[in-house]
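coordinates only, no sequence provided:
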């Protein structure tokens, strides 16, 4: 059992946040909580700013905090290989959280979590979130459903990396980032994208050149611009659509006409069975 904070500690932490309610709305998972559950979490949240490349936690480290990206902030879960490469297994933006969201407090991480798109996050101590989950069926339900979707993304990524072409995988990744940012301009470099896809930069450059010649994208210094989302969707493998449908089914994810993920179904007041299992 974690020792309780001094009575004024949580109050001071919450008071330091500029506008807690506005910040909560910047993360769809936190925004989907019922107001009583938000009230349980608010006093324990910390606001942090991260730059591209900042490490949230490394493989083998105890995960002491659960991190909720806000707005355009995006992190990637990476698996390091003996040859020095690091391959992405999942992308997490304002729709979710990074860290041991299901575990019983702090446990060693299996992957490395790295910020890919800089921005703000809210974070809470893992042990504190576990205590709150024990008193809130709605929070438990929402976190469980999100964890199921995160696992689905990881499993689909394994199948995708093993079975699909680099062009299809690249298109799938660009769509996933656009879903989170809601913009045609994706602030990602060749180097970062090559690392996430687990390929050499020269190979990725040829792939991007092909997609650009087909009119799907424009490649600029430090960014990639989506020219035709329908064409990119047609080039991508089925993995993007499969994960998207799972988010819709399990989390009640809502996407607007341009494909941007805009909301999640509010958490129920009590535990209910998952509508679908991975």
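Alright, I've got the coordinates. Fair warning: this is a prediction, and the values are worked out from it, not measured in the lab. Residues are numbered from 1 along each chain as shown.

in this structure residue 97 contacts residue 146, no?
Yes - contact between residue 97 and residue 146 holds when scored by C-beta atoms under 8 Å: they sit 6.9 Å apart. Backbone N, C-alpha and C define where each C-beta goes, glycine included.

which neighbours do those two share?
residue 29 (C-beta atoms under 8 Å, 6 or more residues apart in numbering).

residue 197: what's it in contact with?
Shown here is residue 197, whose contacts under the criterion C-beta under 8 Å, 6+ apart are 87-88, 166, 169-170, 173, 204.

which one of those residues is nearest to residue 245?
Each of the contacts of residue 197 was scored against residue 245 by C-beta to C-beta, and residue 173 proved nearest at 17.7 Å.

now the helix or strand harbouring that closest one: average pLDDT?
Per DSSP states H and E: residue 173 is located in helix 166-181. When pLDDT is averaged along helix 166-181, the result is 94.

same for the helix or strand following that helix, what does it pack against?
Per DSSP H and E, helix 166-181 leads on to strand 185-186 as the next helix or strand towards the C-terminus. Contacts of strand 185-186 with other secondary structure elements, assessed using 3 or more C-beta pairs under 8 Å, 6 or more residues apart in numbering; DSSP states H and E, are made with helix 166-181, strand 223-226.

at 6 Å instead, please
Under the contact definition 3 or more C-beta pairs under 6 Å, 6 or more residues apart in numbering; DSSP states H and E, strand 185-186 sits against strand 223-226.

what packs against the strand it packs on?
With contacts defined as 3+ C-beta pairs under 6 Å, 6+ apart, the packing partners of strand 223-226 are strand 185-186, strand 217-220.

quick one on the thing from earlier: I'd like to know which elements the helix holding residue 173 is packed against.
Short answer (3+ C-beta pairs under 6 Å, 6+ apart): helix 166-181 packs on helix 201-213, helix 229-235, helix 239-246.

how far does stretch 246-264 stretch from one end to the other?
With C-alpha to C-alpha, to the nearest Å as the measure, the first residue of stretch 246-264 is 12 Å from its last.

then stretch 81-94?
Between the opening and closing residues of stretch 81-94 there is a gap of 28 Å (C-alpha to C-alpha).

stretch 28-39 now?
16 Å.

a markdown table for the helices and strands packed on strand 223-226, including distance to residue 161 and mean pLDDT?
Supplementary listing: the helices and strands packed on strand 223-226 in a markdown table, determined by distance: least, C-beta to C-beta, whole Å; pLDDT from 0 to 100:
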| stretch | distance to residue 161 | mean pLDDT |
| --- | --- | --- |
| strand 185-186 | 20 | 96 |
| strand 217-220 | 21 | 95 |
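
ok, so of the contacts of residue 197, who is nearest residue 56?
Of all the contacts of residue 197, residue 56 sits closest to residue 88, with 14.1 Å by C-beta to C-beta.
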